[in-house]
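Engineer: Sequence first, then the predicted structure, then my questions.
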Amino acid sequence: MTQALRDRAGRWRDQAIALGWLVLIWILLWGQISWANLLGGLVAGGAVLVFFPLPPVTFAGRLRLRALTVLAVRFAVDLVGASVHVAVLAVRPGPAPRSAIMGVPLRVRTDLNLALTAEVVSLVPGTLVLDVDRDEAVIYVHVLDLPGTGGRTANRDRVLTVERRIVRAVGSRAEIRTVSSDPEAPS
């Protein structure tokens, strides 16, 4: 099988998987399984895929269970710690915390890395990704309580650490070398 045929088959497989998920969501939204809901989900999901096509996301890496486990555990720890920090800020009397918006250039420029890094950073309370520059691979992050979280350098390092964990969990060997050999990479 030629590369073009494999690529086309991969795109059709991805579209079929996306359609399956859209149909499932449609059925869950209606709250009951019926032939009408299944048909309606196929029509609505097909329309979404035709009229709002997503760019193809390439995945050159492989899943590494150990690194994925480290990512999940560290995410849970960061989630709990940040939640406590934001809760303390909410009930603490005094002036409002000083916040900042900062741009963090990522080292791996793939769409998958940008999306996963932005999602993980945004899910932790106290940080929110405001914008992503795909061309320059920069994510712009709003940080709550900048002095209390260690300042600009600590928050930049935190984002780059998340990126490194994600790349180690799902990246290619070349991407792992990129995040591991960066002299400015946080340890």
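Structural biologist: Nice, I can see it. Numbering: from 1, shown residues only.

Engineer: Below-threshold pLDDT in this protein: ranges please.
Structural biologist: 1, 3, 6-7, 56-60, 182-187 (pLDDT under 70).

Engineer: Now do the domain split for it, please.
Structural biologist: The chain breaks down by automatic domain parsing into domains covering 3-51, 65-181.

Engineer: Report the contact partners of the closest residue to Ser83 other than its chain neighbours.
Structural biologist: In space, and not counting its chain neighbours, Ser83 is closest to Pro125: 5.1 Å by CB to CB, 6 or more residues apart in numbering. (Glycine included, C-beta is placed from N, CA and C.) Taking CB atoms under 8 Å, 6 or more residues apart in numbering as the contact definition, Pro125 lies against 79, 82-83, 85-86, 144.

Engineer: Next, the contact list for the residue nearest the centre of the chain, please.
Structural biologist: Central residue of the chain (CA atoms, centre = their mean): Leu116, 2.1 Å from the mean position. Residues in contact with Leu116 (CB under 8 Å, 6+ apart) are 166, 170.

Engineer: Pull out the buried residues from whichever helix or strand it is part of.
Structural biologist: Using DSSP states H and E, Leu116 sits within helix 111-123. For helix 111-123, the neighbour count (16 or more other CB atoms under 10 Å) marks 112-114, 116-118, 120-121 as buried.

Engineer: Please tell me I have it right and Arg74 contacts Arg165.
Structural biologist: Yes. Using CB atoms under 8 Å, Arg74 makes contact with Arg165 at a distance of 6.3 Å.

Engineer: Help me confirm that Ser83 is found in a helix?
Structural biologist: Yes. Counting by DSSP: H, G, I helix; E, B strand; the rest coil, Ser83 falls inside a helix.

Engineer: Got phi/psi on Asp145?
Structural biologist: phi 60, psi 60 (degrees, to the nearest 10).

Engineer: is it true that it touches Arg98?
Structural biologist: Yes. Using CB under 8 Å as the test, Asp145 is close enough to Arg98 to be in contact (6.9 Å).

Engineer: Looking at these two, which one has more neighbours?
Structural biologist: Between Asp145 and Arg98, counting by other CB atoms under 10 Å, Asp145 is the more crowded of the two (17 against 11).

Engineer: List the residues that contact that one.
Structural biologist: 85, 89, 97-99, 126.

Engineer: switch to 10 Å and redo it
Structural biologist: By CB atoms under 10 Å, 6 or more residues apart in numbering, Asp145 lies in contact with 85-86, 88-89, 96-100, 126.

Engineer: That one and Pro125, how far apart?
Structural biologist: From Asp145 over to Pro125 the distance is 11 Å, taken as CB to CB, to the nearest Å.

Engineer: hmm, back to that, in the very next helix or strand once past the helix holding Leu116, what counts as buried?
Structural biologist: Beyond helix 111-123 in the direction of the C-terminus, DSSP H and E gives the next helix or strand as strand 127-133. Within strand 127-133, the residues scored as buried using 16+ other CB under 10 Å are 127-129, 132.
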